[in-house]
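Trainee: Sequence and predicted structure below; questions after.
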Amino acid sequence: MSTRIAFLKGHGTENDFVIVPDPENSIELPPATVAALCDRRAGVGGDGLLHVVRSAAHPDARHLAAEAEWFMDYRNGDGSIAEMCGNGVRVFAHYLRRAGHVGDGDIAVATRGGVKSVHIDKEGDITVAMGKALFPEGDVTVGVADHTWPARNVNMGNPHAVAFVDDLAQAGSLYSAPSFAPATAYPHGVNVEFVVDRGPRHVAMRVHERGVGETRSCGTGACAVAVAAARRDGLDPAATGAPVTYTVDLPGGRLVITERADGEIEMTGPAVIVAEGEIDTDWLTVLETVNP
């Protein structure tokens, strides 16, 4: 493993990430290293890590290299691999523009959830084409303490369970993962969103992200919430031919989610880079000794 790691720190609606530029995929990032970098007390701190790699240089993305030059090798804060992160894609695209790899306008980003089309607005906001929502069959419920709620099963390239509640405080601390049933519904865990109404086509949410805990924002979760709210409200763009837009308030900010008539979901919101630096060599050496 490289003994020094250059990094940046960024966030999208306060869903924050350690960014590791590594175009040629030369830095080894085992789960223990990622978890240590994301540790908020002993490391840099972040909900996850964005490993910036050229698609052609990564075995998980070589087949996408003709469609997208850059691959977002995303890791959860505990070091586990995730398929996608909507806020992460916006921050990833913002980094690519900041580093001079891309300009304003339309770009493609490869992820384990497929190639995502991104529009970088010169005024600052970034729009990501998040793909189409899938609605796996079967009823699911989620629970916190002695409360249980029916939930809408939505897949946005990663799994979500969306529960509409009377008060967001009912979700508790969300440090621990809410329970879900049946156990077979999410063999690899699930992101759980709790949602309340704020007005017409305007909702607020809290989220427990698998492998992380409660986060200030979740892009794929906001998309899942918007389509679940639309279906609850009897709105289906595929049936009416008219797009539907929901405003989604999260603890870290606001995202605007539009579902088009073709089923494609677009997420618009900000992205910020707040710092950059280099991981201390001595700290890395101790880490490698403890986690060989």
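Mentor: That came in fine, so what should we check first?

Trainee: C-alpha only now, for contacts and for neighbours.
Mentor: Fine.

Trainee: got any ranges where this structure has weak pLDDT?
Mentor: Counting by pLDDT under 70, the low-confidence segments of the chain come to 1-3, 281, 285-292.

Trainee: Now do the helices for it: every range, in order, please.
Mentor: 31-38, 86-98, 219-232, 237-240, 281-290 (DSSP state H).

Trainee: Select, out of these, the one closest to A181.
Mentor: For these, the distance to A181 is smallest for helix 219-232, at 18.4 Å, taking C-alpha to C-alpha.

Trainee: So for that closest one, what gets flagged as buried?
Mentor: 219-230 (16 or more other C-alpha atoms under 10 Å).

Trainee: With distance to W70 as new columns, can the helices of the chain be given to me in TSV?
Mentor: Rendered in TSV, the data for the helices of the chain read as follows (distance: least, C-alpha to C-alpha, whole Å):
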stretch	distance to W70
helix 31-38	20
helix 86-98	9
helix 219-232	20
helix 237-240	31
helix 281-290	27
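
Trainee: Next up, the contacts around the residue nearest the centre of the chain.
Mentor: In the chain, the centroid-proximal residue (C-alpha atoms, centre = their mean) is C85; its distance is 2.3 Å. Contact partners of C85, counting by C-alpha atoms under 8 Å, 6 or more residues apart in numbering, are 74, 218-220.

Trainee: bridging residues for T111?
Mentor: T111 has these beta-bridge partners by DSSP bridges: G114.

Trainee: gap between it and D121?
Mentor: 21 Å (C-alpha to C-alpha, to the nearest Å).

Trainee: cool, and P21?
Mentor: P21 is 22 Å from D121, by C-alpha to C-alpha.

Trainee: Neighbour count: those two, which is higher?
Mentor: P21 (20 against 13; other C-alpha atoms under 10 Å).

Trainee: Quick check, the more buried one in contact with W70.
Mentor: No - using C-alpha atoms under 8 Å, P21 is not in contact with W70, being 10.9 Å away.

Trainee: Tell me the spacing between the closest residue to T220 other than its chain neighbours and I265.
Mentor: Closest residue in space to T220, ignoring its immediate chain neighbours: G86 at 5.1 Å, by C-alpha to C-alpha, 6 or more residues apart in numbering. For G86, the distance to I265 equals 11 Å [C-alpha to C-alpha].

Trainee: Common neighbours of these two, please.
Mentor: Contacts common to G86 and I265, judged by C-alpha under 8 Å, 6+ apart, are M130.

Trainee: so what's the nearest residue to M130 once chain neighbours are set aside up against?
Mentor: Closest residue to M130 apart from its sequence neighbours, by C-alpha to C-alpha, 6+ apart: I265 at 5.3 Å. Contacts of I265 were listed using C-alpha under 8 Å, 6+ apart, and they are 129-133, 223, 257-259.

Trainee: give me that answer again for 7 Å
Mentor: 129-132, 257-259 (C-alpha atoms under 7 Å, 6 or more residues apart in numbering).

Trainee: do the same with A271
Mentor: Applying C-alpha under 7 Å, 6+ apart, the residues contacting A271 are 11-12, 90-91, 94.

Trainee: Excluding chain neighbours, what is closest to K122?
Mentor: D104 (5.8 Å).

Trainee: likewise I81?
Mentor: In space, I81 is closest to R75, 4.6 Å off (C-alpha to C-alpha, 6+ apart).
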